[in-house]
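> sequence unknown, structure follows:
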């Protein structure tokens, strides 16, 4: 089954962006909430481009951190199972 594209509005920093996606409402809300949480950390006198760059770097750092935790967890599981 192919999910149909729909247009949604996502706010990132100081601007709202329209994009077409197949994501469901719950996923869109999660993304919007995460974006709001990250950009709140950088509120102030930053322009939109700087805000987007810092948000991107923050997301990259969070993904890197999560990846390391997952790798450690996987190693722990392998050790416990003797693999």
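Arrived safely, thanks for sending. Not measured: the values here are computed from a predicted model.
> Counting by contacts, list what the helix or strand encompassing residue 37 packs against.
Per DSSP states H and E: residue 37 is located in helix 25-41. Contacts defined by 3 or more C-beta pairs under 8 Å, 6 or more residues apart in numbering; DSSP states H and E place helix 25-41 against strand 6-12, helix 48-81. For the C-beta atoms, the positions are set from N, CA and C on the backbone; glycine is no exception.
> what angle separates that helix from helix 48-81?
Between helix 25-41 and helix 48-81, the angle comes out at 110 degrees (axes from the mean of the first three to the mean of the last three C-alpha atoms, to 10 degrees).
> Run the chain-centre distance for helix 25-41.
7 Å (C-alpha atoms, centre = their mean, to the nearest Å).
> List the buried residues of that helix.
Buried residues in helix 25-41, counted by 16 or more other C-beta atoms under 10 Å: 28, 35, 38, 39.
> Give me the pLDDT value at the second one.
According to the model's per-residue confidence, residue 35 sits at a pLDDT of 91.
> so it makes contact with residue 12?
Yes - counting by C-beta atoms under 8 Å, residue 35 touches residue 12, with 5.1 Å between them.
> tell me, what's touching those two both at once?
Common contact partners of residue 35 and residue 12 (C-beta atoms under 8 Å, 6 or more residues apart in numbering): residue 55.
> residue ranges with poor pLDDT in this protein?
Under the criterion pLDDT under 70, the flagged ranges of the chain are 1-2, 83.
> rerun that using 50 as the cut-off
Across the chain, the ranges flagged by pLDDT under 50 are 1.
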